[in-house]
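>>> no sequence on this one, just coordinates:
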């Protein structure tokens, strides 16, 4: 695709069609099929050292989603009896869990990334390339900035959720397929170590670790401080204080014990001193 172009991307749910009927909610699924990403999408003009800017214009979900957890998985695995799951009906901006529980739809993308610097990588973990970031701020209206490591960037998108809470506590959001409209642009000669998300009022850094959420939180803070210092002229000490008094440290995903990674995030408000993640 050409830089500046808008395209529609169709995505599977994270199960790749393995969870369709009630019996599927508790069966053992093929993990090798989990988290399929549509791609790779070659973006003309994207070269190593550039940044790929992917703006989510719209997300249209299918009408039915699912959430489930396996035995021994998620934050409450010692008390919640798995395997267990439920289906959700999605219509008219509302997600219906059961006759008593309904809540607003808040669609987002769990997986968005580019080819890593070397070799290949599964779509289950996150990293400097993006991948399974599971940041619920990667939603309609947001722009995700990804560091380009190969010609064309080789963008992949998947793991749509009709809704997902911070932390993804049981291991899933409302997993669902659908159609995503994106616009992709290339920012030349500007790059970042980890992906950065920009919303209408904030920009958000990510930190990723294998299983240590404290390490992930530290990395997310370091990324935010680095952008404040390198692009907006903060001293490191002032950046440290600003992060503490005006910014928010949170957990994007902490599904453990579980295969994959844990992801922390730092939300930086857009103010005149730092209106975007990068000074371009």
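Arrived safely, thanks for sending. Given the structure is predicted, the values throughout are model-derived calculations rather than measurements.

>>> Every contact and neighbour count from this point should use C-alpha atoms.
Fine.

>>> Can you show me the helices along the protein?
Applying DSSP state H to the chain gives helices spanning 213-232, 236-246.

>>> Nearest to residue 58, out of these?
Closest of those to residue 58 is helix 213-232, at 27.1 Å (criterion: Cα to Cα).

>>> list the contacts for the nearest residue to residue 181 once chain neighbours are set aside?
Distances taken as Cα to Cα, 6 or more residues apart in numbering place residue 8 nearest to residue 181, at 4.4 Å, with adjacent residues excluded. The neighbours of residue 8, taking Cα atoms under 8 Å, 6 or more residues apart in numbering as the test, are 179, 180, 181, 182.

>>> From residue 269, how far off is residue 8?
30 Å (Cα to Cα, to the nearest Å).

>>> Pick the most deeply packed of the helices of the chain.
Of all those, helix 213-232 carries the top mean neighbour count, a mean of 20, counting by mean count of other Cα atoms under 10 Å.

>>> picking that back up, format the helices of the chain as TSV; extra columns: mean pLDDT.
Below are the helices of the chain laid out as TSV (pLDDT from 0 to 100):
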stretch	mean pLDDT
helix 213-232	97
helix 236-246	99
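
>>> Throw the ones you listed into TSV and include distance to residue 130, thanks.
Output for those, formatted as TSV (distance: least, Cα to Cα, whole Å):
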stretch	distance to residue 130
helix 213-232	13
helix 236-246	23
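
>>> Look at residue 82 and report its pLDDT.
We have a pLDDT of 91 for residue 82.

>>> contacting residues around the residue nearest to it when sequence neighbours are not counted?
The shortest distance from residue 82 to any non-neighbouring residue, by Cα to Cα, 6+ apart, is to residue 71 (4.1 Å). If you count contacts by Cα under 8 Å, 6+ apart, residue 71 has them with 77, 81, 82, 83.

>>> Out of the residues you listed, which two sit at the greatest distance?
Taking Cα to Cα, no two of the contacts of residue 71 sit farther apart than 77 and 83, at 9.8 Å.

>>> Relative to the whole chain's centre, how far out is stretch 29-36?
18 Å (Cα atoms, centre = their mean, to the nearest Å).

>>> Pop out the phi and psi values for the residue lying closest to residue 12 once chain neighbours are set aside.
Distance criterion Cα to Cα, 6+ apart; nearest residue to residue 12, sequence neighbours excluded, is residue 177 at 4.5 Å. The phi/psi pair for residue 177 (degrees, to the nearest 10) reads phi -90, psi 170.

>>> Done for today, thanks.
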